[in-house]
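Curious how this folds, go ahead:
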Amino acid sequence: MLKIGDFSRLAQVPIKTLRFYDELGLFRPAEVDRFTGYRYYTLDQLPRLNRILALKDLGLALEQITTMMNGEMSAEEMRGRLEAKRREAQQEIEEAQARLMRLDIRLRQIDMENQMPTYEIVTKKVDSQRVLSIRQIAPTMTERDRLIEEVRAALRRQPISVSAPPILLYHHAGYRDVDLDIEVAIPVETARPDAILLSNGRQMSIRMIPALDRVITCLLHGRYEQLGGVYAALNTFLNAHRLHYLGPAREVILRGADDTADPAEYLTEVQYPVGDFAKEMAVDGLALPARWDDAGSDQLPLSRRARTALEFAKLEAVAMRQAEISPTHLLLGLLRDGDGFAGRVLSEFGIGIEHSRLLCTRGESQQSDPLVSAAARQVVVFASAEVHALGHDYVGTEHMLLGLAEQRNTAVMHMLGANGLSVDQIRMAVMNRLNRGED
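As a prediction, this is how the structure comes out:
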């Protein structure tokens, strides 16, 4: 029999720990002197103590170890607990590696600039929000500013209970100074029964902006003209950390024109949703554009680029003074976003938007919200069929292009045929890109 001090030295476990394990009922002495209260241990107890120490080293709580050691946990339960601990350890390693990478990047920035970085990037989560919003394509930055000012003026006329700072969402991919797919969103506390009307019959409506599990953010204290530096810093961080931009980018106006007359005092937070993603991301809850609801694909989410292509098709129809959006306008909508899947396929065959516009018929309509032709609706139906055939879960520009090819509209075939392009070539080009895993 060994006294507690001797056993402590032999096992390399503090006396205080042995006493605590005894109080928990986890590791009791072999004998306790009933007169002095001294604890005595035997060498045969070392294997049990070593098992306790091994389980503790794995990160298990003493209560869990007690249950295991007392035989109150099945092998399956024990395996589940250990697998959970393994996942926790893996996450800690990944977080430590990410922190190490951030330290390396910060050190490189200091070495290159010989000073502290101008912008600080922070990673965080963002909760879902109920917003009163309007989304449209702004052909120029001036039109974007005009839309923002119109929303501000409308809110001054119809005061509502705002719950958080205004948000600008940019649904297009990449930087643009033309054809901006922008949404102006005002967080509100409760759903407003009546919509807020803007000019030309447009209206702001209630929707939920989804929560984001991971966003990288950067603050700008100053004029909006300086936002370019913020976006550059976010893009550098994005590439350095091998993150995927999921979009849409958000600009949260923490302090703006409604709060101060001095632009130097503006405070804006730019948010980039990031994660692991390979395909065009499904749009965040937005329905099909107005007048497309009966096209047959309202149960399938549209990618941001597909949603933008439909908006572009509408703009092309209006610019050509047509009363209806036709398949030719859909083709122009796909071409207008040259960085999209469909735009890249068409560009590969030498099909450009300017030449294609010359082949389109101009009308005399004055409508700002043209109808959707039956033929254009059929294209969306065909695109949905392509989605199901390919086993995808969203409508992207690749599906829209396949839908156009399947619909075989005479005018569209003429525009494509002018470049010597056939339906079979379109399908083959799309499938080849999909098989290569391109987005």
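
Where does the prediction get shaky in the stretch 101-250 of the chain?
102, 105-106, 108-117, 173-175, 191-195 (pLDDT under 70).

can you give me the strands in the stretch 251-400 of the chain?
Counting by DSSP state E, counting those that start in this stretch, one finds strands in the stretch 251-400 of the chain at the ranges 267-275, 324-325, 371-372.

any idea how the protein splits into domains?
Per automatic domain parsing, the structural domains of the chain span 2-69, 76-117, 124-275, 304-435.

Out of the ones you listed, indicate the one that is most buried.
Highest mean neighbour count of these: domain 304-435, a mean of 19 (counted as mean count of other C-beta atoms under 10 Å). Bear in mind the C-beta positions are built from the backbone N, C-alpha and C, glycine included.

what pLDDT, on average, does it get?
The average pLDDT within domain 304-435 is 86.

Figure out the length between the terminal residues of that domain.
Terminal residues of domain 304-435 lie 21 Å apart, using C-alpha to C-alpha, to the nearest Å.

mind checking the backbone torsions on Met78?
Here is the backbone geometry of Met78 (degrees, to the nearest 10): phi -60, psi -40.

Distance of it relative to Ile52?
Met78 sits 14 Å away from Ile52, going by C-beta to C-beta, to the nearest Å.

in the stretch 201-350 of the chain, which spans are helices?
When assigned using DSSP state H, counting those that start in this stretch, the helices of the stretch 201-350 of the chain occupy the ranges 227-240, 304-319, 327-336, 341-348.

Redo the strands of the stretch 251-400 of the chain as a markdown table? Include distance to Gln97.
Formatted as a markdown table, the strands of the stretch 251-400 of the chain follow (distance: least, C-beta to C-beta, whole Å):
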| stretch | distance to Gln97 |
| --- | --- |
| strand 267-275 | 16 |
| strand 324-325 | 50 |
| strand 371-372 | 50 |
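
of all the ones you listed, which lies closest to Gly420?
Closest of the strands of the stretch 251-400 of the chain to Gly420 is strand 324-325, at 26.8 Å (criterion: C-beta to C-beta).

Packing partners of the closest one?
On a contact count with 3 or more C-beta pairs under 8 Å, 6 or more residues apart in numbering; DSSP states H and E, strand 324-325 meets helix 304-319, strand 371-372.

ranges for the strands of the stretch 101-250 of the chain?
Counting by DSSP E, counting those that start in this stretch, the strands of the stretch 101-250 of the chain are 121-126, 129-140, 167-170, 178-187, 196-197, 203-209, 212-221, 244-245, 249-255.

So Pro263 versus Leu180, what's the distance?
Taking C-beta to C-beta, one finds Pro263 at 21 Å from Leu180.

One more: Val13?
Counting by C-beta to C-beta, the separation of Val13 from Leu180 is 66 Å.

Dump the strands of the stretch 101-250 of the chain into JSON lines; add distance to Ser365 as well.
JSON lines is the format used below for those (distance: least, C-beta to C-beta, whole Å):
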{"stretch": "strand 121-126", "distance to Ser365": "42"}
{"stretch": "strand 129-140", "distance to Ser365": "19"}
{"stretch": "strand 167-170", "distance to Ser365": "30"}
{"stretch": "strand 178-187", "distance to Ser365": "22"}
{"stretch": "strand 196-197", "distance to Ser365": "23"}
{"stretch": "strand 203-209", "distance to Ser365": "22"}
{"stretch": "strand 212-221", "distance to Ser365": "41"}
{"stretch": "strand 244-245", "distance to Ser365": "38"}
{"stretch": "strand 249-255", "distance to Ser365": "35"}
